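A.B. asks: Give me a 3D structure for the following:
(chains A and B)
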Amino acid sequence: MAATRQPSPAKQITPVRIILIAALLLFLYHNLIHNLGVFPEEWNLGLREPLDMFKKWVIVANRDGHWMFALFFQPLKGSIDFFMRRIEDFMYWLPWTVIIAFVFFLANKIGDLKLALLTAFSLLMMGLLGLWDESMRTLALMVTSVIIALAIGLPLGVWAAHNDRVETMLRPVLDAMQTMPAFVYLIPVVLFFGIARVPSVIATIIYAIPPVVRLTNLGIRRVSEESIEAARSFGSTPRQIMLKVQIPQAMPSIMTGVNQTIMMALSIVVIAALIGGGGLGDVVLKSLRRLQVGSALEAGLAIVFMAVLLDRLSFAFSQIEHVSVKKHQGFRLLPRKWGGKSWAKAIERPITWVYAMSGRLEKKVVHLFSRLLPKQDENINSAGYFITMALGLLLLLGISFALSWVEFPENWDLSLSKPVDTAVKWAQVNLYQIGDTFIGTGPFSDFVSLYMLRPLRLLLLEWLAWPIIILLISALAWKAANWKLAVYSALSMLFIGWLGLWEASMDTLSQVLVAVLISVLIGVPLGVWSARNDSAEQFLRPILDFLQTIPTFVYLVPVIMLFNLGRVPGIMASVMYAIAPTVRLTNLGIRQVDEAAVEASVSFGATTWQTLRNVQLPLSLPSIMMGVNQTIMMVLAMVIIAGLVGAAGLGFSVIDAMQNNKMGASIEAGLAIVLMAIVLDRITQSWAQKQADAANIT
Amino acid sequence: MLKKSRIIVLVLLTIAITAILAACGGGEKEKPTITLIENSWPSSELNVAVAANLLENEMGFPVEVISLDESAQWDALAAGDADASLEIWPSGHGERIAQYIDEQHVVENGGELGPIGLIAWYVPTYMVEEDPALATWEGYLGADAAAKFSTAETGDSGTFFAGPAGWTQYDQQIIDNLGMDFKVINAASEDALLAQVTASYERKEPILFYFYEPHVLFTRIDLTQVELPPYSEECYAKADAGGVDCAYPGDVLMKIISAKLEEKSPEARTFLKNFNYTTADQTTMLGYLDQDMDVKESAQKWIDDNESVWKAWLP
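C.D. replies: Numbers count the residues shown, from 1 in each chain, chains lettered A, B, ... in the order given. So this is what the prediction gives:
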């Protein structure tokens, strides 16, 4: 590609080549003449001692009622705790019937009957899995955290959109918040905010706030200059412009941010249970300790259902503007293409009747309350619905208390734990090694360990000394973007060394590379398959959704059972969690390839395979690269989980330090993960961007 | 639309009401709420269930139980956010005992819980049935023994599965000093170690590992303790120089109490310090758990059957 744009000969001297030659010379020197050795220990910044001293100081300051605690943290703690306990009490007090009915009617109004049934079903499943109370506690945690996160995040995003300096300052902070493993700030959060509800809320906010800030900022910045100019020329004040023009136009982007914030908040539920967050996360942790994979899976499923519920509801809210005057044509429940079938009509007829009746009821209610309502046609419509709904719910509340339907019935139990436990027991014996062959998870684990991880670790730690790796990474960064990124990457890698974590980081890097490689080897073919086959896509989508939302802790025990303690189970868990974006974006990329290009290729007599290899894959490369970028970031998010299953490296350093009362050391390891994540993210993103630009030019 | 001033008044009103309610909630109760920490393993949950039951029903305290990771509980006790944790294995918390109890005096040593933890090396019993020599440490000397226990991670050496790095472990020292060819792999969490042991057991594979009693694992699978040279104080005097070559000392389980509890409720503190029973009591309750009783029911049954034991704890 470089050759087409630069007519000069290919042997031109570029900075990237100079760096590469320097790296090569160093490589020869290191391996043939004089070993460059490990990263010098004298350069260690020694960050951990002051951090540990600070922690000791905080402990005493807190006990002695230092003003910082007396005037700030204690009142803050007290009010959040109070607020949350009231929400929790209210949720426990409400009969389950009322909660399900409320969600059903709400979803029916902002979405359609299908959404209403789906959300009601999700809630019902939480009860059927025997986890109603725990789910309500987790829901209370989610609601509080998300409300506070939005209350902080939205204004922050608006501010960043109006002030470039704020945006520049926020960016690295948001990056760090998103990539810093939550394990690292658990202890500091406990130090300042105590245990149980409040620290869980704080930890959730730290982790979940970046998307809403980012996408609010982005959405407002993308509002076109013309519409702002137009508003200004009509004499609008800046405040009016913001409220009437910028925010409404940025709404889709903002709502995407809100949606992502909700999903990220849910993904921290299990970690929050480590500091007393309780609820579903606690069920997962306790089941794991008893090796009850089945009941951990049940709690994990309840979390998946909560994700479905919150995801679809918040999505419907974001679409509300577009469908406010939607009229129902045809079926409410079944697909329209079944319109001709008489049995389908028979199912739909009562549904239509119920809607008609409730419409009439609504009108009567509106008539009854007409004096209290403002005289505006559209609003009367919604107000009527919500008043009818409120009355209906009150009625149901009365009935539920009268018939004592308050607690979710215990004998409605859809227990999955026994069959799952049996299946896990079967798998750990029978899938481990099939007969005397080399097929099975055991031999596979040995293969990955011996022929992928070990050579790569050897390469990164012995054949390539640290200066060579820093040079190579900066060359890569320069090639992907510019000299700024090269300097930035080199400094970040040096900083990791200064933290005294070079070896652990290279160990982690080798695992990340193997996990990404396996994800690509499995993910890209799956993506191609689903791009070429609609039913494959339909089949894969729920599986991918499931893998992304189920808490990773749930499959921690099975991966150890199948792949043995060490680095491999961590890699397999990472692949399961991180494969989804690669599959999705490969699928998307190939589906977006111009029909004409494919047809041209076919008309020249190319086989399906040739078309795929020479036309479709190259053209969808930018999209695939974006998928790989996301996969890399998700694998890095799994480094801690890998540490939990015994993989050496940065994740293990974090866990080890946490268990040994060494907060400073765990923060250092967390910083190293953040730096490595940012470097890898910037390089792959710039590379994908460059590919996309090149594709657009040609 | 509401006027701005009205909104402000509304907000202020809400804050005021909240503050008043909060103040009422805190001030009028006779006895303060006692917050107990439970860790995620069953015997810890049982201790806490027994204590919570007695504090509530016999002494009239409101009790809140919070599940917390072991590494987070010390800071919670130091700040007074929680009042006590009832099952500490000192071997895993040496550094914290030194800092929080001895140096900073923010956490109080609550005395012994009663049961004595036993840390040892274990193999599945089927290994010993196949080769009786594996019942004692001599059976693990030599290349053949090492090869039997080797894995891809350790190559020719045998693999020794050890617990999380936070636990006190002298396994590599013992291995080296007794002249075995084994390498230690640390499971980062107890869950991970349990998963590995259970899976290997189900597959009837060789596995040698570090573990402790009392634990529910022993009711599920059949394990044999590997006999090491007997424990002596002289042997552990050599620990700093890497010279340990004998069995582990017993781990006397202890309770830890927030230093702030003395001021908050001397009565509850006395009760928690008196709380003390035996390994047999714990094992009895663990047995109830296996009979499909939940933690609270098991605790209740033990309380019903052992009135004389717990009567002595009440102040």
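
A.B. asks: Low-confidence ranges, chain A, go.
C.D. replies: Under the criterion of pLDDT under 70, the regions of chain A flagged as low confidence span A:1-11, A:320-340, A:369-384, A:435, A:696-698.

A.B. asks: Against chain B, how distant is residue A:459?
C.D. replies: Residue A:459 is 18 Å from chain B, where distance means C-beta to the nearest C-beta, to the nearest Å. (C-beta placed from N, C-alpha, C; glycine too.)

A.B. asks: Could you count how many residues lie near that residue?
C.D. replies: For residue A:459, the tally of surrounding residues (other C-beta atoms under 10 Å in any protein chain shown) stands at 13.

A.B. asks: Pretty sure it sits in a helix.
C.D. replies: Yes - under DSSP: H, G, I helix; E, B strand; the rest coil, residue A:459 sits within a helix.

A.B. asks: can you give me phi and psi for residue 291?
C.D. replies: Defaulting to chain A. Phi and psi for residue A:291, reported as degrees, to the nearest 10, are phi 60, psi 30.

A.B. asks: Actually, chain B is the one I wanted.
C.D. replies: Backbone dihedrals for residue B:291, given as degrees, to the nearest 10, come out at phi -90, psi 30.

A.B. asks: Check residue B:251 too.
C.D. replies: Taking degrees, to the nearest 10, you get phi -100, psi 110 for the backbone angles of residue B:251.

A.B. asks: ok, and the closest non-adjacent residue to it?
C.D. replies: By the measure of C-beta to C-beta, 6 or more residues apart in numbering or on different chains, the closest residue to residue B:251 outside its immediate chain neighbours is residue B:117, 3.5 Å from it.

A.B. asks: continuing past the helix or strand encompassing residue A:282, what's the next helix or strand?
C.D. replies: Under the criterion DSSP states H and E, the helix or strand holding residue A:282 is helix A:279-289. Next along the chain after helix A:279-289, taking DSSP H and E as the criterion, comes helix A:293-319.

A.B. asks: one step back: on contacts alone, who are the packing partners of the helix holding residue A:282?
C.D. replies: Under the contact definition 3 or more C-beta pairs under 8 Å, 6 or more residues apart in numbering or on different chains; DSSP states H and E, helix A:279-289 sits against helix A:132-162, helix A:269-273, helix A:293-319, strand B:63-67, helix B:190-202.

A.B. asks: Could you rerun that using 6 Å?
C.D. replies: Helices and strands touching helix A:279-289, as assessed by 3 or more C-beta pairs under 6 Å, 6 or more residues apart in numbering or on different chains; DSSP states H and E, comprise helix A:132-162, helix A:269-273, helix A:293-319.

A.B. asks: how about the ones you listed, which one is nearest chain B?
C.D. replies: When these are ranked by distance to chain B, counting by C-beta to the nearest C-beta, first place goes to helix A:269-273 at 6.7 Å.

A.B. asks: Say whether chain B is contacted by that closest one.
C.D. replies: No - contact between helix A:269-273 and chain B, assessed by C-beta under 6 Å from any C-beta of the partner chain, is absent, since the two come no nearer than 6.7 Å.

A.B. asks: What parts of chain A come near chain B?
C.D. replies: Proximity of chain A to chain B is assessed by C-beta under 6 Å from any C-beta, with A:59, A:62-63, A:82, A:190-191, A:194-196, A:274-276, A:282, A:285-286, A:288-289, A:291, A:428-429, A:432, A:446, A:449-450, A:557, A:560-561, A:565-566, A:643-646, A:652, A:655-656, A:658-661 identified as the residues in range.

A.B. asks: now what about whichever strand or helix holds residue A:496, what contacts it?
C.D. replies: Assignment of secondary structure by DSSP H and E places residue A:496 within helix A:483-498. Contacts to helix A:483-498, defined as C-beta atoms under 6 Å, 6 or more residues apart in numbering or on different chains, come from residues A:39, A:43, A:45, A:470, A:473-474, A:477-478, A:505, A:672, A:675, A:679, A:682.

A.B. asks: how about it: buried residues?
C.D. replies: Taking 16 or more other C-beta atoms under 10 Å in any protein chain shown as the basis for neighbour counts, the residues of helix A:483-498 that come out buried are A:485-486, A:488-490, A:492-494, A:496-498.

A.B. asks: And chain B, what are its domain boundaries?
C.D. replies: B:32-115+B:252-311, B:117-251 (automatic domain parsing).

A.B. asks: Just the buried residues from the contacts of helix A:483-498, in ChimeraX please.
C.D. replies: In ChimeraX, the members of the contacts of helix A:483-498 classed as buried (16+ other C-beta under 10 Å) are selected with the following command:
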select /A:39,470,473,474,477,478,505,672,675,679,682
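
A.B. asks: Would you convert the contacts of helix A:483-498 into a markdown table that also reports secondary structure?
C.D. replies: Putting those into a markdown table (three-state DSSP) gives the following:
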| residue | secondary structure |
| --- | --- |
| A:39 | coil |
| A:43 | helix |
| A:45 | coil |
| A:470 | helix |
| A:473 | helix |
| A:474 | helix |
| A:477 | helix |
| A:478 | helix |
| A:505 | helix |
| A:672 | helix |
| A:675 | helix |
| A:679 | helix |
| A:682 | helix |
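
A.B. asks: farthest pair in the contacts of helix A:483-498?
C.D. replies: Farthest pair in the contacts of helix A:483-498 (C-beta to C-beta) is A:45 and A:478. Separation: 26.3 Å.

A.B. asks: how much space between residue A:113 and residue A:128?
C.D. replies: 21 Å (C-beta to C-beta, to the nearest Å).

A.B. asks: what about the two, which has more around it?
C.D. replies: residue A:128 (20 against 17).

A.B. asks: Secondary structure class of the nearest residue to that one once chain neighbours are set aside, three-state.
C.D. replies: The shortest distance from residue A:128 to any non-neighbouring residue, by C-beta to C-beta, 6+ apart, is to residue A:414 (4.1 Å). Three-state secondary structure (criterion: three-state DSSP) places residue A:414 in coil.

A.B. asks: okay, the angle between the helix holding residue A:282 and helix A:293-319?
C.D. replies: Interaxial angle, helix A:279-289 versus helix A:293-319 (axes from the mean of the first three to the mean of the last three C-alpha atoms, to 10 degrees): 150 degrees.
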